[in-house]
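S.K.: coords below, sequence missing:
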């Protein structure tokens, strides 16, 4: 079966992660993506160790493989080879770039009016920071996410992956799909302005709304949740185990299965509000019960309640669910993470993109 975007041509002149992640998703959906790299290559080719065999058979940083599968890769100098690149763009449906605002037009001139252009930058095409550079870690610091990540009263901690880059890539791909739909209906091409900053602020979701509603800054809480209790990692007999109670019915199940005993179990703690107000006592009560059991036993005991062992990355990749969903696939003989997009056929059979 052909991909949903079969016939769509994308020229990708972006680098690092956000742009390449977006175009990789378009490639997963069937688009013909040509990635144009400078003669010295995408920065992430050297972001190692570890290094491993790349799609061309040569060693490359593993980082590069995470966002560049299913693309035709060509090397051009945008200054020296401007006319060649411009001719490719004229034949394209979409161009994705992540230079500083205005740089692509300075290098190649105005973009064709019939081509969708997705410009990804640190802070966007407007505002006092429009010309500032920004890697994910700087945006995590400035956006506030580092102030609420990690343990209380400890050094700031960034999310363990380039969280803002990934979110920006997802938003960029979503905007491109909407622009393609608009062009199909109206014939009009759109210039999309996506910034890491806007995506980071929007992704603060409940924490930002908590701050706006209360007038108080959220704080780092480790693995705990500001609005739900119990909802964090606890120590079991054989390692760390997460319990995430999201409803009063789930709490009742936890009380029953763990045989929790406390004067407030069936009183104030029976509602989420009561559990949030009594956070320390609730968590101590749950922690004492969980510490008596192994993680595998707890999963069985708490069936129906969101819970899980805290896995390593290799454990997660080897999980039976990862195996069943084919979370690891191959591209040109290289093991890579598979697209998360799954579509069902009219016969309700799974179809990968």
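M.R.: All right, it came through fine. In this text, all values refer to a predicted model and were calculated from it rather than measured experimentally. Residues are numbered from 1 along each chain as shown.

S.K.: Domains of the chain: list them as residue ranges, please.
M.R.: 9-202, 231-310, 314-352 (automatic domain parsing).

S.K.: what about residue 167, how many neighbours?
M.R.: Residues lying near residue 167 (other Cβ atoms under 10 Å) number 18. C-beta: built from backbone N, CA, C; applies to glycine.

S.K.: how near is it to residue 125?
M.R.: Using Cβ to Cβ, to the nearest Å, residue 167 is found at 19 Å from residue 125.

S.K.: between the domains of the chain, which one is nearest to residue 210?
M.R.: Among these, domain 9-202 comes nearest to residue 210, with 9.9 Å by Cβ to Cβ.

S.K.: Of the domains of the chain, flag the one that's most buried.
M.R.: domain 9-202 (a mean of 18; mean count of other Cβ atoms under 10 Å).

S.K.: Could you tell me the end-to-end distance of it?
M.R.: Taking Cα to Cα, to the nearest Å, the first and last residues of domain 9-202 lie 30 Å apart.

S.K.: now stretch 73-92
M.R.: 15 Å.

S.K.: Tell me where the model's unsure across the protein.
M.R.: Within the chain, the stretches with pLDDT under 70 are 1-2, 347-353.

S.K.: Are we agreed that residue 193 is in a helix?
M.R.: No: Residue 193: not assigned to a helix; according to DSSP: H, G, I helix; E, B strand; the rest coil it is strand.

S.K.: which ones are touching it?
M.R.: 119, 121, 124, 125, 126 (Cβ atoms under 8 Å, 6 or more residues apart in numbering).

S.K.: okay if I get those residues as TSV plus distance to residue 314 and secondary structure?
M.R.: TSV is the format used below for the contacts of residue 193 (distance: Cβ to Cβ, whole Å; DSSP: H, G, I helix; E, B strand; the rest coil):
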residue	distance to residue 314	secondary structure
119	37	strand
121	35	strand
124	38	coil
125	41	coil
126	44	coil
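
S.K.: Kindly reformat those residues as CSV and extend each row with distance to residue 341.
M.R.: Formatted as CSV, the contacts of residue 193 follow (distance: Cβ to Cβ, whole Å):
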residue, distance to residue 341
119, 24
121, 26
124, 27
125, 29
126, 32
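
S.K.: now, the most widely separated pair of those residues?
M.R.: Spatial extent of the contacts of residue 193 (Cβ to Cβ) is set by the pair 119 and 126 at 11.6 Å.

S.K.: Now do the strands in the stretch 101-250 of the chain.
M.R.: Under the criterion DSSP state E, counting those that start in this stretch, the stretch 101-250 of the chain contains strands at 116-121, 191-195, 231-236, 239-244.

S.K.: Residue 74 against residue 34, yeah?
M.R.: Yes: using Cβ atoms under 8 Å, residue 74 makes contact with residue 34 at a distance of 6.1 Å.

S.K.: got the residue ranges for the helices in this protein?
M.R.: 18-28, 62-65, 82-90, 103-108, 136-143, 163-186, 196-202, 205-214, 248-258, 272-277, 279-290, 295-301, 313-318, 320-324 (DSSP state H).

S.K.: I'd like the ones you listed laid out as CSV, including distance to residue 12.
M.R.: Shown next, in CSV, are the helices of the chain (distance: least, Cβ to Cβ, whole Å):
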stretch, distance to residue 12
helix 18-28, 4
helix 62-65, 13
helix 82-90, 11
helix 103-108, 12
helix 136-143, 19
helix 163-186, 11
helix 196-202, 17
helix 205-214, 29
helix 248-258, 44
helix 272-277, 45
helix 279-290, 47
helix 295-301, 42
helix 313-318, 27
helix 320-324, 28
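
S.K.: for those helices, which one sits closest to residue 43?
M.R.: With distances scored as Cβ to Cβ, the stretch of those nearest to residue 43 is helix 62-65 (9.0 Å).

S.K.: Packing partners of that closest one?
M.R.: Applying 3 or more Cβ pairs under 8 Å, 6 or more residues apart in numbering; DSSP states H and E, one finds that helix 62-65 makes contact with strand 51-53.

S.K.: Neighbouring strands - and their directions - for the strand it packs on?
M.R.: As defined by DSSP bridges, the strand partners of strand 51-53 come to strand 59-61 (antiparallel).

S.K.: Run through who's touching the partner strand.
M.R.: Under the criterion Cβ under 8 Å, 6+ apart, residues 44, 45, 46, 47, 48, 49, 50, 51, 52, 53, 54 lie in contact with strand 59-61.

S.K.: and of those, the nearest to residue 185?
M.R.: Nearest to residue 185 among those, with distances taken as Cβ to Cβ, is residue 44, at 36.3 Å.

S.K.: and the closest one, how far is that from residue 17?
M.R.: Distance, residue 44 to residue 17, by Cβ to Cβ: 7 Å.

S.K.: which neighbours do those two share?
M.R.: Listed as contacting both residue 44 and residue 17 by Cβ under 8 Å, 6+ apart are residue 67.

S.K.: Please tell me I have it right and residue 265 contacts residue 256.
M.R.: No: counting by Cβ under 8 Å, residue 265 does not reach residue 256; the two are 10.1 Å apart.
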